[in-house]
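*Asks:* what follows is a predicted structure for the sequence shown.
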Amino acid sequence: MTQTSAQPQPPLWVKADIPAQISHALEEDIGSGDITAELIPATAQAQATLITREDMVLCGQAWVEEILHQLGGNLKIKWHHQDGDFVQANDVIFELSGRARTILTAERPALNFLQTLSGTATTTRYYADLIAGTGATLLDTRKTIPGLRTAQKYAVTCGGGKNHRIGLYDAFLLKENHIAAHGSITEAVKQAKQLYPNRWVEVETETMEQVKEAMNTECDVIMLDNFSYADMTAAAKLVNGKVKLEASGDITADNIVQVAKTGVDYISIGALTKHLKAIDLSLRLSI
């Protein structure tokens, strides 16, 4: 994996969701109270160190800090790495000190967010490294964990990918049923542009004939859905930069480089957010 400098803080459209995401997670975990933490004396102080048991790309600092904020207890955290950093196995991610009960209550929700978002970022970095230098851009999809759309979208950027549309509200993706409802790609694009002239319009195509029709509309991107390598290459030559091309469907680590070399501009992969492997983290506590 490549080393990168630290990512900036999550953008405002991500930050806006964090308090509610954390509030729900804490309510889910704590309920009427952490009875296990009550085994520890109320005045006991502790220090904790979080390490990773495997190589990873860090993501989730803002979520951890919001957990500490909502729990109170004046815990102090010292980060050894920042979002977007590549962290080697057994490295320290952060040190935490303060009230022992609060640390123990914070542990699981904090690790849940870190292991999930870092898993997304790490998977993304793996794919992004594979196509580095090809000219193709890696995109995510809407195949995210319910309730964590914005968090996972941010994690993708920490891993070196780019965001596709965030939801159904910020861009058009005209699929088979949308096109059928209007009788043609041409008419569907026309209606989309009339409704929202400034919104991005993408058309999903399954044949070269559909590509030819789409390229003569006002669409911004043509998606090549499950095209062969030969047809992707042919589509890139046909379009010749007039409109952006996105490859999608059954793209894996085994074939992504070959897809990128066909000349497409974007490659979208649902696995970045739906097939992620959570990172193995360990919090070591001393009281």
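*Replies:* Done, it's in.
*Asks:* CA only for contacts and neighbour counts going forward, please
*Replies:* Noted.
*Asks:* just say helix, strand or coil for the closest residue in space to residue 74 that isn't next to it in sequence.
*Replies:* Excluding the flanking residues, the one nearest residue 74 by CA to CA, 6 or more residues apart in numbering is residue 98, at 6.6 Å. For residue 98, the secondary-structure state derived from DSSP: H, G, I helix; E, B strand; the rest coil is strand.
*Asks:* which residues does residue 98 contact?
*Replies:* By CA atoms under 8 Å, 6 or more residues apart in numbering, the residues touching residue 98 are 45, 46, 47, 73, 74, 75, 76.
*Asks:* against residue 100, how distant is the last one?
*Replies:* With distances defined as CA to CA, to the nearest Å, the gap from residue 76 to residue 100 amounts to 12 Å.
*Asks:* swap in the fifth one?
*Replies:* Per CA to CA, residue 74 is found 11 Å from residue 100.
*Asks:* okay, those two: which has more neighbours?
*Replies:* Using other CA atoms under 10 Å, the more surrounded residue of residue 74 and residue 100 is residue 100, with 24 against 12.
*Asks:* residues touching the more buried one, list them.
*Replies:* 40, 42, 43, 44, 45, 46, 47, 287.
*Asks:* run the last query once more with 7 Å
*Replies:* 44, 45, 46, 287 (CA atoms under 7 Å, 6 or more residues apart in numbering).
*Asks:* now these: which count as buried?
*Replies:* Neighbour counting with 16 or more other CA atoms under 10 Å marks 45, 46 as buried within the contacts of residue 100.
*Asks:* which parts of the stretch 51-200 of the chain are strands?
*Replies:* 56-57, 76-79, 86-87, 92-99, 137-139, 171-174, 200-205 (DSSP state E, counting those that start in this stretch).
*Asks:* mind putting these into JSON lines with distance to residue 29 and mean pLDDT?
*Replies:* As requested, the strands of the stretch 51-200 of the chain are exported to JSON lines (distance: least, CA to CA, whole Å; pLDDT from 0 to 100):
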{"stretch": "strand 56-57", "distance to residue 29": "26", "mean pLDDT": "98"}
{"stretch": "strand 76-79", "distance to residue 29": "22", "mean pLDDT": "97"}
{"stretch": "strand 86-87", "distance to residue 29": "28", "mean pLDDT": "98"}
{"stretch": "strand 92-99", "distance to residue 29": "19", "mean pLDDT": "97"}
{"stretch": "strand 137-139", "distance to residue 29": "33", "mean pLDDT": "98"}
{"stretch": "strand 171-174", "distance to residue 29": "36", "mean pLDDT": "97"}
{"stretch": "strand 200-205", "distance to residue 29": "40", "mean pLDDT": "97"}
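*Asks:* tell me which of these sits most buried.
*Replies:* strand 56-57 (a mean of 29; mean count of other CA atoms under 10 Å).
*Asks:* quick one on the thing from earlier: got JSON lines for the contacts of residue 100, with distance to residue 69 and secondary structure too?
*Replies:* Converted to JSON lines, the contacts of residue 100 look like this (distance: CA to CA, whole Å; DSSP: H, G, I helix; E, B strand; the rest coil):
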{"residue": "44", "distance to residue 69": "19", "secondary structure": "coil"}
{"residue": "45", "distance to residue 69": "18", "secondary structure": "strand"}
{"residue": "46", "distance to residue 69": "17", "secondary structure": "strand"}
{"residue": "287", "distance to residue 69": "21", "secondary structure": "coil"}
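*Asks:* now the contacts of residue 100 in a markdown table, with distance to residue 241?
*Replies:* A markdown table is the format used below for the contacts of residue 100 (distance: CA to CA, whole Å):
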| residue | distance to residue 241 |
| --- | --- |
| 44 | 65 |
| 45 | 62 |
| 46 | 59 |
| 287 | 62 |
